[in-house]
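1. compute the structure for the input listed below.
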Amino acid sequence: MDIQLKKEQTERALASLQELVPQYIENPKDIILRDAMIQRFEYSTEAFWKYLKAYLSIEHNLSANSPREVIRTGLKTKLYSEQISKELLQMLDDRNLTSHTYVEELAESIAARIPSYSTVMQKAMNQLSNT
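-> Okay, the predicted model is just below:
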């Protein structure tokens, strides 16, 4: 698949997530809004790491297969800071837990971190555009 297409898909996914973040911050008790934001977080995370994988392959001739390996390889190639890398790895952990969001406390906990994840994914995307 064309890397430009992957980039555009990731940007659209992030934009859809960022559309809900301020609404959720204003209405954190809105369970439907929270669950919609978590759903958008899931597909934004998927699009993000897959774009990063393609970017590493095409721009740096590097192979990484799992989401965690992709994030670590991005750090090794200095695409982003260690702090961003740590946040992205935590984001992947939370993404893996979203299938358990029927546990209310877990859903609320993950939802509270999504605004930060949205920001860190956007920062990483901006840095990729500037390399």
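2. right, and the helix or strand after the host helix or strand of Arg34?
-> In the assignment (DSSP states H and E), Arg34 maps to helix 31-60. Per DSSP H and E, the first helix or strand lying C-terminal to helix 31-60 is helix 67-76.
3. what's the angle from that following helix to helix 31-60?
-> 60 degrees (axes from the mean of the first three to the mean of the last three C-alpha atoms, to 10 degrees).
4. packing partners of helix 67-76?
-> helix 31-60, helix 82-97 (3 or more C-beta pairs under 8 Å, 6 or more residues apart in numbering; DSSP states H and E). Every residue, glycine included, has its C-beta placed from N, CA and C.
5. now render those as JSON lines, adding mean neighbour count.
-> Shown next, in JSON lines, are those (neighbours: other C-beta atoms under 10 Å):
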{"stretch": "helix 31-60", "mean neighbour count": "19"}
{"stretch": "helix 82-97", "mean neighbour count": "17"}
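6. and the helix holding Arg34, what does it pack onto?
-> With contacts taken as 3+ C-beta pairs under 8 Å, 6+ apart, helix 31-60 sits against helix 3-26, helix 67-76, helix 82-97, helix 104-129.
7. ok, and which of these has the densest surroundings?
-> Greatest average neighbour count among the helices and strands packed on helix 31-60 goes to helix 67-76 (a mean of 19), per mean count of other C-beta atoms under 10 Å.
8. tell me the mean pLDDT over it?
-> The average pLDDT for helix 67-76 rounds to 97.
9. repeat for stretch 92-107
-> 88.
10. keeping just the C-alphas, turn stretch 64-75 into PDB.
-> Output of stretch 64-75 as PDB, limited to C-alpha atoms (Å, rounded to 0.1, in the frame of the first residue of the first chain):
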ATOM      1  CA  ALA A  64       9.700  -4.100  12.400                       C
ATOM      2  CA  ASN A  65       6.700  -6.300  12.800                       C
ATOM      3  CA  SER A  66       4.900  -5.900  16.100                       C
ATOM      4  CA  PRO A  67       3.500  -2.600  17.300                       C
ATOM      5  CA  ARG A  68       6.000  -2.500  20.200                       C
ATOM      6  CA  GLU A  69       8.900  -3.300  17.900                       C
ATOM      7  CA  VAL A  70       7.800  -0.500  15.500                       C
ATOM      8  CA  ILE A  71       7.700   2.000  18.400                       C
ATOM      9  CA  ARG A  72      11.100   1.000  19.600                       C
ATOM     10  CA  THR A  73      12.600   1.100  16.100                       C
ATOM     11  CA  GLY A  74      11.200   4.600  15.700                       C
ATOM     12  CA  LEU A  75      13.000   5.600  18.800                       C
END
